[in-house]
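Novice: Take a look and give me a structure for this.
(2 chains)
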Amino acid sequence: MKKGVTLLDHEMVPKHEILSEDEEKAVLKKYKAFKSQFPKIKCNDPIAREIGAKVGQIIKITRDSKTAGKSVAYRVVIDQ
Amino acid sequence: MAKHDTIRALLKRGVSEELAEKVADSGLTLGDLKGLTASELCKKISTSEEIAAEILQLAGSKPKKAITSETSLKSKIEQLEVPRSVKDALIKRLSEREFTPTQIERILRMTIEEYERIKIDPCEAVGIVAAQSIGEPGTQMTMRTFHYAGVAEIYVTLGLPRIIEIVDARKTPSTPMMVIKLNEEYRNDKTKAHALASRIEATYPSHLGDIVTLPDEMLIRIEIDESAMEKRGLGIDDLIEKIKGQGKFNADIDLDEDGKSINIRPKEYSYRSLLQLRGRLTSTNPSSGILIAGIKDITRVVIRHEGDEYTLYTEGSALKDVIRIEGVDGARTRTNNINEIENVLGIEAARNAIINEMVNTLGEQGLNVDIRHLMLVADMMTVDGEVKQIGRHGIAGEKASILSRAAFEVTVSHLLDASLYGYVDELKGVTENVIVGQPIKLGTGDVELVAKPYGKVVD
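Specialist: Residues are numbered from 1 along each chain as shown, chains lettered A, B, ... in the order given. I've put the predicted structure just below:
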């Protein structure tokens, strides 16, 4: 792969963003849920490593969806 | 922005007609004004600095008359709690024709009502619906042939075996394959595409010439096919180097006097070692053969001209190595090996791959399964951050309830373990409750009545 092209550019990888603490609180409140109830992403996942996510953070994933156009999902970073 | 557009925009913001025309005449647009200071502007349109400052202030303000049409409609739709695709459709359809505000109001209200009505109900058994919706078309697939000639003379497993492979989360599919897209420089150039293909394809000595065994001279000779060497951009020295580099190779390797063949003599004078040597040299097996060039796992490359670009199809898959090769468009290159995608591109890409592979496999057989069922399957398989199979080692085998697991497979050992270690079943799932004969926690069964005492409670 050329320099400057990262894994994040691959067409199969949706947009990953790390949530700030305030955003995290808002998400947890919106879903009335604990972090442990969210889907998981491993901390050694290539994309999680690429964006520098740490264990315990929530990653916001904006997927291209065939049914909803765009859909937002969250994953909590876990230890292996 | 054309001149009269600039004038109109300025008028809407309260600039007088005379000044607006002056500004437009000097070739400025609204966008330009934002980047200017008052002194710069007064020079350009030859007015006092005061007036220029006023124009700038007004130009920076919002247009006074609310433009009811597009913008406010858009912002109104954006605020609705409906999916992106519904919003886009609304914006598109509503801007096609003129509607009165009350009509728009009504349309939006009805859209939301319809969306809420159509949403899946809480406590609905979506998993069962998904299982049935994939299972029924699956019965039609069994009848058909298992292998289909896929794209570009490359055989890929399709149909039911492929679906089973995906759902079982096998480490390697039975027929791994890749679709390699090329970058701008390579995709329109046939010779470059061919050169890249031969750099990717695994090359063994037997591809580069005839291997002749001369038992009476205790000699194996590789008679080099120069065109094959040239096609792959290899020199004879490279070849000798590679063969020598193999080690564990108890033989003398020399260039023949004619310079066109390589002589290999086993050091041990026996037919057995000669035959062993020959076996290794002629092998095209990834584990025992001598790789001269290319990527070990990619056994064959086919070039196709697709649309307006050259695309490589490969038998075998090595995503990590391939996307790093110069000339490959790493962002569009795909493989059908989901495990590899998980390792290279992460869990979300693996989820996408599961959905795509299943949609394609079912679609290829003429079966239309709603994508939402497949999305649910993919979501369940990837929910824990790694791809898990749907089966005894994955989703079904990791259920919390012992009774539920016992009902699935290997009943006795689950019950035995449970009784040995004193496990407790919370009876929260469906299967457990069916077993013990209780109402299941689904649909209306999951609703519990909570009474709040009203007024004073008297015994």
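Novice: Let me know the pLDDT of the residue in chain A positioned nearest to chain B.
Specialist: Residue of chain A nearest chain B, by Cβ to the nearest Cβ: A:G69 (3.0 Å). No exception for glycine: its C-beta is placed from N, CA and C like everyone else's. According to the prediction, A:G69 has pLDDT 87.
Novice: B:A378 versus that one, what's the distance?
Specialist: Note on A:G69: its distance to B:A378, by Cβ to Cβ, to the nearest Å, is 18 Å.
Novice: Of the two, give the one with the bigger neighbour count.
Specialist: Applying other Cβ atoms under 10 Å in any protein chain shown to A:G69 and B:A378 shows that B:A378 carries more neighbours, namely 23 against 16.
Novice: element containing the more buried one?
Specialist: In this structure, B:A378 sits in helix B:371-382 according to DSSP states H and E.
Novice: any bit of that helix sitting next to chain A?
Specialist: Yes - using Cβ under 8 Å from any Cβ of the partner chain, helix B:371-382 comes into contact with chain A via B:I371, B:R372, B:M375, B:D379, B:T382.
Novice: so the last one touches B:I355, yeah?
Specialist: No - in this structure, B:T382 is not within contact of B:I355 by Cβ atoms under 8 Å, at 10.1 Å.
Novice: Quick check on the two: which one has the bigger neighbour count.
Specialist: Between B:T382 and B:I355, counted using other Cβ under 10 Å, the more crowded position is B:T382 (27 against 20).
Novice: Excluding covalently adjacent residues, which one is nearest to the more buried one?
Specialist: The shortest distance from B:T382 to any non-neighbouring residue, by Cβ to Cβ, 6 or more residues apart in numbering or on different chains, is to B:R351 (4.5 Å).
Novice: element containing the one you found, please.
Specialist: According to DSSP H and E, B:R351 maps onto helix B:347-364.
Novice: B:I390 too?
Specialist: B:I390 belongs to no helix or strand, assigned by DSSP H and E.
Novice: wait, isn't it in contact with B:M380?
Specialist: Yes - under the criterion of Cβ under 8 Å, B:I390 makes contact with B:M380 at 7.2 Å.
Novice: tell me the pLDDT at the residue nearest to B:G385 when sequence neighbours are not counted?
Specialist: Nearest non-adjacent residue to B:G385, counting by Cβ to Cβ, 6+ apart: A:K40, 3.8 Å away. Among the per-residue scores, A:K40 shows a pLDDT of 94.
Novice: go on, the one 5 residues further on?
Specialist: Here, the pLDDT recorded for A:D45 equals 92.
Novice: ok, how many other residues are close to it?
Specialist: If you count neighbours by other Cβ under 10 Å, A:D45 ends up with 28.
Novice: near chain A, which residues of the stretch 251-400 of chain B?
Specialist: B:323-324, B:326, B:328, B:330-332, B:334, B:341, B:343-349, B:352-353, B:356, B:371-372, B:375, B:379, B:382-386.
Novice: What subset of these is buried?
Specialist: If you count burial by 16 or more other Cβ atoms under 10 Å in any protein chain shown, the buried members of these come out as B:323, B:328, B:330-332, B:334, B:341, B:343-349, B:352-353, B:356, B:371-372, B:375, B:382-386.
Novice: Only C-alpha atoms, please: export stretch B:164-171 in PDB.
Specialist: Taking C-alpha atoms only, stretch B:164-171 is exported to PDB below (Å, rounded to 0.1, in the frame of the first residue of the first chain):
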ATOM      1  CA  ILE B 164     -22.200 -23.100   6.000                       C
ATOM      2  CA  GLU B 165     -18.500 -22.100   5.700                       C
ATOM      3  CA  ILE B 166     -19.400 -18.400   6.500                       C
ATOM      4  CA  VAL B 167     -21.700 -19.300   9.400                       C
ATOM      5  CA  ASP B 168     -19.100 -21.800  10.800                       C
ATOM      6  CA  ALA B 169     -16.500 -19.000  10.800                       C
ATOM      7  CA  ARG B 170     -13.900 -21.400   9.300                       C
ATOM      8  CA  LYS B 171     -10.300 -20.200   9.400                       C
END
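Novice: How far away from the center of its chain is it?
Specialist: Its chain's C-alpha centre and that of stretch B:164-171 lie 17 Å apart, by Cα atoms, centre = their mean, to the nearest Å.
Novice: What are the buried residues along it?
Specialist: Neighbour counts over stretch B:164-171 (16+ other Cβ under 10 Å) mark B:E165, B:I166, B:V167, B:A169 as buried.
Novice: want to throw these into CSV with secondary structure, pLDDT and distance to B:K260?
Specialist: Below are the buried residues of stretch B:164-171 laid out as CSV (DSSP: H, G, I helix; E, B strand; the rest coil; pLDDT from 0 to 100; distance: Cβ to Cβ, whole Å):
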residue, secondary structure, pLDDT, distance to B:K260
B:E165, helix, 90, 46
B:I166, helix, 92, 49
B:V167, helix, 92, 54
B:A169, coil, 90, 50
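Novice: can you redo the residues you listed as a markdown table with distance to chain A?
Specialist: Output for the buried residues of stretch B:164-171, formatted as a markdown table (distance: Cβ to the nearest Cβ, whole Å):
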| residue | distance to chain A |
| --- | --- |
| B:E165 | 19 |
| B:I166 | 15 |
| B:V167 | 19 |
| B:A169 | 15 |
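Novice: which other residues reach stretch B:45-54?
Specialist: Contacts to stretch B:45-54, defined as Cβ atoms under 8 Å, 6 or more residues apart in numbering or on different chains, come from residues B:L19, B:K22, B:V23, B:D25, B:S26, B:L28, B:A38, B:S39, B:L41, B:C42.
Novice: okay, among the residues you listed, which ones form the most distant pair?
Specialist: For the contacts of stretch B:45-54, the farthest-apart pair by Cβ to Cβ is B:D25 and B:S39; their separation is 19.5 Å.
Novice: returning to what we had before: mutual contacts of B:I390 and B:M380, please.
Specialist: Common neighbours of B:I390 and B:M380, counting by Cβ under 8 Å, 6+ apart, are absent.
Novice: What distance do you get for the nearest residue to B:A20 once chain neighbours are set aside to chain A?
Specialist: Leaving aside its sequence neighbours, B:A20 sits nearest to B:L10 (Cβ to Cβ, 6+ apart; 3.9 Å). For B:L10, the distance to chain A (Cβ to the nearest Cβ, to the nearest Å) stands at 36 Å.
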